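Student: one predicted model, sequence on top.
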Amino acid sequence: MLVIIVALLVITNVVTGLAVYYLAVPPRAGESITVIGPWAGSEMAKFLPVLDAFTNQTGIKVSYSIARQEDLKTILPVQFAAHRSPGDVVFMTSSFIKAQGPLGNALDLSTVVDKSAYGARALDPVTGTDGKVYGAVYTGKVKPGFWYRPSFFAAHGLTKPTTWPQFTSLLSDIKNISTITNPIVSGDGVGWPLSDVTEHFIATYGGASMHRNLTAGSQMWTSAPVRAVFANRLVPLLAAGDFSAPLTWDSTAIQGWWSGSYALYFMGSWITGMTPPVDSSDLDVFSLPPAPGVTGGIVFAADYFFIPTYTTKVAAATQLLRYLASAAGQTVQVSQGGHLATVLGVQASAYPTVDRKVAALLTGKDVLVDLDDTKGDPFQSNFWSQLKGLWTSPSPAGDLDSILTAIQSQA
Amino acid sequence: MSEALAGIRRSLRLPSLFRRSGGDQRRARIGPSARKTATRVVFLAPALVLVIFLVVYPVLQTVYLSFVTPQGTPTLANYQGVITDPTTVNPAGLPWPPPLGTLIHNALWIAIHLPISLFFGLWLALILRDVKGSSIVKSAIFLGMVTPMIVGGVMLRFLFEEGPGVVPAFFGAVGVPYLDKSWLIYRETALLGLIFGSVWLWTGFSLIVYSAGLTTIPKDYFEAAKIDGTPPHRMFFRITFPLLRPMTLVIITMTLLWELKIFDIVYSAVGSTGGTRNSADVLSLQMYRYFVAGATNPVYYGLAAVVATLLTLLTLVGTAWLFRRMVKS
């Protein structure tokens, strides 16, 4: 009888195990793939038409899943270790794709991606150390500068600055307006908007070369030229209370800015897709005034995507990848607003008016990759954390050196 | 076990599972203790297999990872890297404000959060003991405990945010402008904000345990003490508190373990960076960041394993302490 009980236990365990295994394997039949991306809310609403257009064209169904890239950094390596992937096409940071490719976790797309469709070196951030291309570039967003409401400026007799003294004078004038809490609002307590502002100061007053060197790690954050950008440009504004402390919620920042508690908001070109929505007809933007003799740059943050090695639908995923990396696919996206194409051949008429203004700011400036996105963790989270310290310090000048040293420690 | 089976068999009139038939000499030779052992093994085996594969193996693998390089070479560099990292212990930050290092931050959690939530739970349990309708109040307080801590963290962000937050608004109203600001953004206040905010979430636990404990103390003790003219504070220190000792031990240990492993509430309140300049950082969050960084540089997996090992050791010490105390009690 004991033998029977043992046999029964063994059989039930085996049956249960097999059932779990086979039920967990995704169905292979049918042309349906999953895309994982970071966009939710109105940003997602602007991305779904692209997937719909792809489905109409190919008949391949695409389901979209939202996942924060911070979360994917922990989820994907574990899934990959089990030779699985939660999605067939995944949007991730370039540093992640570049690292995972040579490990065998991303498909080699060297013969899939049409390199001639992009500008020179556009695929470098997703090219592994082995020279293979492991991802493609979707559309991108520019981080052009300070957004403002022309109606607010007109009501208070303010004008766009073209020199540094004009900029500081503008901030003083804004501070004198009774409704103003701080001239510039700092959104999202996580810290990424602060890194965008800081990069803008570096690219403008340190120049595009300094930005590139810091990204490559060939220049120290504690070096005299970098320190000078902070000490002479950013820190005096922080000490004067021109920036608000980082507000925890983006929506609070937008509401405060739109209602006149703050006059300027440094944000990327995706501002028109944020919540609560703003009226893009009453929206304009200016970059920091250039410094004489410095070749300035402007950060263009592209969205990167790749195909995990473990997808079972390589053909369909490749088809979608080609579409997203084509002028046809990106035209659908840019026409929704907030995005700029990375492939050649997208007509200017496809862009909404506000995005054409953004594109105009790129003229005469070097296009730069996003510094902290490219470097990834642990630099990125440390960078955000240290900048929050600078923003909230009672003595930004006094804390500057320790903050730059802390940033350099993870660079 | 066999007696229980026999009882069931009798009541259901089922044949014995282990009945010895006269012709089965081989089975008859198996003694009752051997059968008992075999039965235990059969029933324990599935659970043991699961524990070995899902608990023991991962723990051992984590300890192993902490002692090797990504290439598998034995090394102590991971331990050296974590211990000398200012994120773990930051003497330059002492005495205040943070960051003081994750190890010291976890110690501060224990030093501040544990006694306060213990005291509040006991105090509330005492004053609500014989109050009509107190179960409603207790349930309301216990809600904080039922709330997922990740939600609790988001609630703390609201509570401590300048403008919509109750806490800064209160200090603004009573004329303390230094505290009328977003507590979780400033490094002087972030850690304390999380600790004090968590008292509100955790007090429900000690309240419920102490309330249950109070019902087990016979009322005769208090009546006798009253007749003898014992003052209330003496009754508390001589009767109530000593008899609540087992509950106190459970609360201390559970709270201690929670504080050592604390992650979710900090993560959702101040983000994965551990707040401004890591001012509210804790060990679990440090481990998480190392793990995330491992995606781009596998060296960090080793560092994450070191923090996990240290956390496990600290947690084991707490658990061992509880068991020893409980056995003594």
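Tutor: Alright, I've got the coordinates.

Student: for the rest of this, base every contact and every neighbour count on C-alpha atoms.
Tutor: Will do.

Student: tell me the domain ranges of chain B?
Tutor: Per the record, chain B has its domains at B:1-30, B:81-328, by automatic domain parsing.

Student: mean neighbour count and mean pLDDT for these - can I get that in JSON lines?
Tutor: Below are these laid out as JSON lines (neighbours: other Cα atoms under 10 Å in any protein chain shown; pLDDT from 0 to 100):
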{"stretch": "domain B:1-30", "mean neighbour count": "11", "mean pLDDT": "51"}
{"stretch": "domain B:81-328", "mean neighbour count": "19", "mean pLDDT": "90"}
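
Student: closest residue of the stretch 101-250 of chain B to chain A?
Tutor: B:Tyr186 (6.0 Å; Cα to the nearest Cα).

Student: just give the nearest non-adjacent residue to that residue, would you?
Tutor: A:Thr392 (6.0 Å; Cα to Cα, 6 or more residues apart in numbering or on different chains).

Student: residues near the one you found, how many?
Tutor: 21 (other Cα atoms under 10 Å in any protein chain shown).

Student: ok, back up a step: assign the residue of the stretch 101-250 of chain B closest to chain A to helix, strand or coil.
Tutor: With DSSP: H, G, I helix; E, B strand; the rest coil as the basis, the three-state label of B:Tyr186 is coil.

Student: measure it to A:Gly87 for me?
Tutor: Plainly put, B:Tyr186 is 39 Å away from A:Gly87 if you go by Cα to Cα, to the nearest Å.

Student: cool, and B:Ala111?
Tutor: 45 Å.

Student: ditto for B:Tyr288
Tutor: 23 Å.

Student: what does stretch A:292-302 contact?
Tutor: Residues outside stretch A:292-302 that contact it (Cα atoms under 8 Å, 6 or more residues apart in numbering or on different chains): A:137-144, A:199-200, A:203-208, A:290, A:342, A:362, A:365-370.

Student: cross these against helices and list the overlap.
Tutor: Members of the contacts of stretch A:292-302 lying in helices (criterion: DSSP state H): A:199-200, A:208.

Student: contacts only, for the closest residue in space to A:Gly128 that isn't next to it in sequence.
Tutor: Spatial nearest neighbour of A:Gly128, excluding adjacent residues (Cα to Cα, 6+ apart): A:Lys98 at 5.0 Å. By Cα under 8 Å, 6+ apart, the contact set of A:Lys98 is A:125-129, A:134.

Student: can you say which of these are buried?
Tutor: Among those, those classed as buried by 16 or more other Cα atoms under 10 Å in any protein chain shown are A:125-128, A:134.

Student: just give the number of residues close to residue 45.
Tutor: Since you didn't name a chain, this refers to chain A. 13.

Student: that answer is for a different chain, and I need it for chain B
Tutor: B:Ala45, neighbours per other Cα under 10 Å, totals 13.

Student: just the pLDDT at it, thanks.
Tutor: Note for B:Ala45: predicted pLDDT of 91.

Student: which parts of the helix or strand where it lies are buried?
Tutor: Using DSSP states H and E, B:Ala45 maps to helix B:32-51. Buried residues in helix B:32-51, counted by 16+ other Cα under 10 Å: B:Thr39.

Student: let's verify A:Phe305: helix, strand, or coil?
Tutor: Applying three-state DSSP: A:Phe305 is strand.

Student: let's see the pLDDT reported for it.
Tutor: So, for A:Phe305, pLDDT stands at 97.

Student: next one: A:Pro394 from A:Asn176, what distance?
Tutor: On the measure of Cα to Cα, A:Pro394 and A:Asn176 end up 22 Å apart.

Student: what's the answer for B:Ser206, then?
Tutor: B:Ser206 is 52 Å from A:Asn176, by Cα to Cα.

Student: need the residues of the stretch 101-250 of chain A near chain B, please.
Tutor: A:189-190, A:245-246, A:248 (Cα under 8 Å from any Cα of the partner chain).

Student: ok, which pair from these is furthest apart?
Tutor: A:Val190 and A:Ala245 (12.0 Å; Cα to Cα).

Student: what about B:His233, distance to B:Ile127?
Tutor: Taken as Cα to Cα, the span from B:His233 to B:Ile127 is 13 Å.

Student: which positions in the stretch 151-300 of chain B make contact with chain A?
Tutor: B:157, B:161, B:185-187, B:270-278, B:289-293, B:295-297.

Student: what strand or helix carries the most centrally placed residue in chain A?
Tutor: Chain A has A:Ala301 as the residue nearest its centroid, 5.4 Å off, counting by Cα atoms, centre = their mean. Using DSSP H and E, A:Ala301 maps to strand A:297-306.

Student: output that strand as CSV, nothing but the C-alphas.
Tutor: Only the C-alpha atoms of strand A:297-306 are listed here, as CSV (Å, rounded to 0.1, in the frame of the first residue of the first chain):
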residue,chain,number,x,y,z
GLY,A,297,24.7,71.4,-28.1
ILE,A,298,21.2,70.3,-27.5
VAL,A,299,20.2,66.9,-26.1
PHE,A,300,18.1,64.7,-28.3
ALA,A,301,16.8,61.7,-26.3
ALA,A,302,15.9,59.0,-28.7
ASP,A,303,13.8,55.9,-27.7
TYR,A,304,15.6,52.6,-28.4
PHE,A,305,14.1,49.2,-28.9
PHE,A,306,15.3,45.7,-29.5
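
Student: tell me the mean pLDDT for the helix or strand just after that strand?
Tutor: Next along the chain after strand A:297-306, taking DSSP H and E as the criterion, comes helix A:314-324. Averaged over helix A:314-324, pLDDT sits at 95.

Student: tell me the angle of helix A:314-324 relative to strand A:297-306?
Tutor: 160 degrees (axes from the mean of the first three to the mean of the last three Cα atoms, to 10 degrees).

Student: in helix A:314-324, what counts as buried?
Tutor: Buried, per 16+ other Cα under 10 Å, within helix A:314-324: A:314, A:316-318, A:320-324.

Student: which residues sit against it?
Tutor: Residues contacting helix A:314-324 (Cα under 8 Å, 6+ apart): A:31-33, A:54, A:60, A:88-89, A:112-113, A:136, A:138, A:306-307, A:329-330.

Student: ok now stretch B:69-83, how far from the chain's centre?
Tutor: Taking the mean of its C-alpha atoms, stretch B:69-83 sits 29 Å from the chain's own mean (Cα atoms, centre = their mean, to the nearest Å).

Student: for it, measure first residue to last.
Tutor: Start-to-end, stretch B:69-83 (Cα to Cα) is 17 Å.

Student: ok, A:Gly145 touching A:Ser287?
Tutor: Yes: the pair A:Gly145 / A:Ser287 is scored as a contact, 4.3 Å apart, by Cα atoms under 8 Å.

Student: these two - which one has more neighbours?
Tutor: Comparing A:Gly145 with A:Ser287 by neighbour count (other Cα under 10 Å), the higher total belongs to A:Gly145, at 25 against 21.

Student: check the gap between that one and chain B for me.
Tutor: A:Gly145 sits 24 Å away from chain B, going by Cα to the nearest Cα, to the nearest Å.

Student: show me what that residue is bridged to.
Tutor: A:Met267 (DSSP bridges).

Student: and the helix or strand harbouring B:Ala320, how far out from the chain's middle?
Tutor: Assigned by DSSP H and E, B:Ala320 falls within helix B:299-328. The chain centroid and the centroid of helix B:299-328 are separated by 12 Å under Cα atoms, centre = their mean.

Student: what do you get for stretch A:260-278?
Tutor: Worked out by Cα atoms, centre = their mean, stretch A:260-278 lies 16 Å from the chain centre.
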